[in-house]
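In: Make a model of this:
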Amino acid sequence: MSETVICSECGTSFDVPDGLRERYPGWTPSRCRTCHRSGRPTRRPAHATSTGRRGAAAGALTPAQVLETFTDGPLTGVFTDGSADPNPGPGGWGAVYVRDDQIVDEAHGSDPDTTNNRMELTALIAGFDLVPTGERTTVYSDSNYCVKMINEWADGWARNNWRRKSGPVKNLDLVKALYERAKDRPELTLRWIKAHDGSRWNEYADALSVAYRR
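Out: Predicted coordinates for the structure are as follows:
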């Protein structure tokens, strides 16, 4: 058994064996083995500058402050984010649909006992639902794991009665709900976006996802 974690450096997903977690209780690695072995210092999210060109520490800004601070990144699409702190633990999710840098619709919520992946999946489901049927746009998530899950892996899991080679699919209720939406909505394109890199609407979705803390 293992837990899937997203590398804070390169955005790829990797598994942390249960044996390693038992040796170091309460610890979760932030970087994959490749990035760890690279010898580069761990990259910390930088605080926003006056130009709005760099990412801010996660959850440090309110949605209104994000709009005052950031200008970069795609200005049309659906942007989603979700997290739990600690993981597992209390968590939240957020989704915003924007067109030409203007908010069309948004949603957010929380769960007192959840995981990062469940909140990311919940945010994506809500994000798909924000877009009227037939309207073309891109849905962005900074969870590379969730994006690959739907774009690359879920077709095979569905053909295999929703089982992976290594066992059952985790969070199957949410995975199936998102997969069905992706299949029913071919006009929507799901793409990965880098986290905390100064993208205005990704930062906004992050601020929505941690609103429960405030």
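
In: any idea how far the residue nearest to A211 when sequence neighbours are not counted is from R163?
Out: Leaving aside its sequence neighbours, A211 sits nearest to H108 (C-beta to C-beta, 6 or more residues apart in numbering; 5.5 Å). In short, each C-beta sits where N, CA and C put it, glycine included. According to C-beta to C-beta, to the nearest Å, H108 and R163 sit 32 Å apart.

In: So between these two, which is more surrounded?
Out: A count of neighbours by other C-beta atoms under 10 Å puts H108 above the other of H108 and R163, at 22 against 14.

In: Wait, a strand at the more buried one?
Out: Yes. The assignment for H108 is a strand, going by DSSP: H, G, I helix; E, B strand; the rest coil.

In: Do you know the pLDDT at it?
Out: At H108, the pLDDT value in this model is 98.

In: Contacts only, for it.
Out: G92, W93, G94, A95, L208, S209, A211 (C-beta atoms under 8 Å, 6 or more residues apart in numbering).

In: Please repeat the previous calculation with a cut-off of 7 Å.
Out: G92, W93, G94, L208, S209, A211 (C-beta atoms under 7 Å, 6 or more residues apart in numbering).

In: Which one (most neighbours) among the residues you listed?
Out: Most neighbours among the contacts of H108, by other C-beta under 10 Å: W93, with 31 neighbours.
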